[in-house]
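K.L.:
Return atomic coordinates for the entry below.
(one chain, ligands or ions: 1)
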Amino acid sequence: MTTVILLSIVDESSVTVQLAFCQEQPKVNSLAKLEEPKGLTKYLGRRIAQPMGYSHRNWLSRPERIQEENPQEMLEQLNLKDGLVVCDLGSGDGYHTVQMSPRVGPTGKVVAVDIQPQMLQALSRRLAEMKLENVDTVLGELWDPKLQEKSVDLVLMVDVYHEFSHPVQMLSALRKALKPNGLIALVEFRAEDPTVLIRAEHKMTKAQILKEYTANGFKVAKEYDRLPWQHLMFMQRDESWDDQK
Ligand SMILES: C[S@@+](CC[C@H](N)C(=O)[O-])C[C@H]1O[C@@H](n2cnc3c(N)ncnc32)[C@H](O)[C@@H]1O
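P.N.:
Residues are numbered from 1 along each chain as shown. This is a model prediction of the structure:
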């Protein structure tokens, strides 16, 4: 009879892994494969914010959002059309997902990605209530949105990017996931403006956004500067970047 022993160990990076040893197959795969890439607390001079926990999700539906963010105007700028594949990255419980779903129609799709399963469960309940059927929910990793290569026309990130503990890996994955003319629509609270009443590490300046995105192979496609509190910047792949490296 085959004996299987489960052994929990803590490796050097304090990641608990379970290894299954089996008498017939004593070889164990390299631990390196199981390790998470190391997360950052600062990136290019910016302090990275902690992800907003599920227990605070009511904040995402606060009525003041309409005045502070004008989400309808933001959505208009995305120019959504039937048949597009749109990723709502860091969807939370789907405040924007449910608005985008009807705009891409039954031939299009919204892929809602978040790292917190509870956020996605709340979104799934919302989708069932609203009978929206063109949305896939995807549980991402801190360093990987789990998107297929060249699969997405537009990636929307509203109040999300500044939380990425692995900005380099995430931007690299997005470069791969975008279709050739695909765009990122990046929405971040304006750090240049002291009247925007949001904690400092949850805001970004345009200069900082540009620094981080150009360092990772993106360039600005267009900008919209008329949202009440936020930058809306559209980024596209900078094809010359691979040659420059
Ligand atoms: C402030 S909430 C914004 C939610 C939503 N975009 C909205 O505007 O209502 C940020 C969300 O980003 C998610 N998040 C943080 N890091 C992430 C990552 N690496 N990949 C996917 N989601 C992430 C968090 O779990 C959280 O649900």
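K.L.:
burial measure for L232, as a count.
P.N.:
20 (other Cβ atoms under 10 Å). All C-beta spots, glycine's among them, are computed from the backbone N, C-alpha and C.
K.L.:
That one bridge partners, please.
P.N.:
Here L232 sits in beta bridges with V187, Y224, as judged by DSSP bridges.
K.L.:
The spatially most central residue of the chain pairs with what?
P.N.:
The centroid of the chain falls nearest to L89 when counting by Cα atoms, centre = their mean (3.4 Å). When bridges are called by DSSP bridges, L89 pairs up with V113.
K.L.:
ok, it touching M157?
P.N.:
Yes. Assessed by Cβ atoms under 8 Å, L89 is found in contact with M157 at 5.0 Å.
K.L.:
Beyond the helix or strand bottoming out on mean pLDDT in the chain, next helix or strand please.
P.N.:
Taking mean pLDDT, DSSP states H and E as the measure, the chain has strand 16-22 as its least confident helix or strand, at a mean of 26. As assigned by DSSP states H and E, the chain's next helix or strand after strand 16-22 is strand 42-43.
K.L.:
where does the protein come near the ligand, residue by residue?
P.N.:
Listed as neighbours of the ligand in the chain under the rule Cβ under 6 Å from any ligand atom: 51-52, 60, 89-92, 95-96, 113-116, 119, 140, 142, 145, 158-160, 163-164, 170.
K.L.:
ok, the residue nearest to the centre of the chain - contacts?
P.N.:
113, 140, 145, 155-157, 160, 174 (Cβ atoms under 8 Å, 6 or more residues apart in numbering).
K.L.:
Let's have the residues you listed in TSV, adding pLDDT.
P.N.:
Formatted as TSV, the entries for the contacts of L89 read as follows, by pLDDT from 0 to 100:
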residue	pLDDT
V113	98
G140	98
P145	98
V155	99
L156	99
M157	98
V160	98
L174	98
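K.L.:
Which two among those are spaced furthest apart?
P.N.:
Pairwise distances across those (Cβ to Cβ) peak at 14.3 Å, for the pair G140 and L156.
K.L.:
Show me which of these two is the more surrounded one.
P.N.:
When G140 and L156 are compared for neighbours, L156 comes out ahead with 26 against 20, by other Cβ under 10 Å.
K.L.:
Backbone dihedrals for that one, please?
P.N.:
With angles defined as degrees, to the nearest 10, L156 sits at phi -100, psi 130.
K.L.:
which residues does the closest residue to it other than its chain neighbours contact?
P.N.:
Nearest in space to L156, with sequence neighbours left out and distances taken as Cβ to Cβ, 6 or more residues apart in numbering, is A185 at 4.8 Å. Counting by Cβ under 8 Å, 6+ apart, A185 makes contact with 77-78, 154-157, 232-234.
K.L.:
Which helix or strand contains A185?
P.N.:
Using DSSP H and E, A185 sits within strand 178-190.
K.L.:
Going along the chain from that strand, find the next helix or strand for me.
P.N.:
Following strand 178-190 toward the C-terminus (DSSP H and E): strand 203-204.
K.L.:
Walk me through which strands that following strand pairs with, and which way each runs.
P.N.:
strand 178-190 (parallel).
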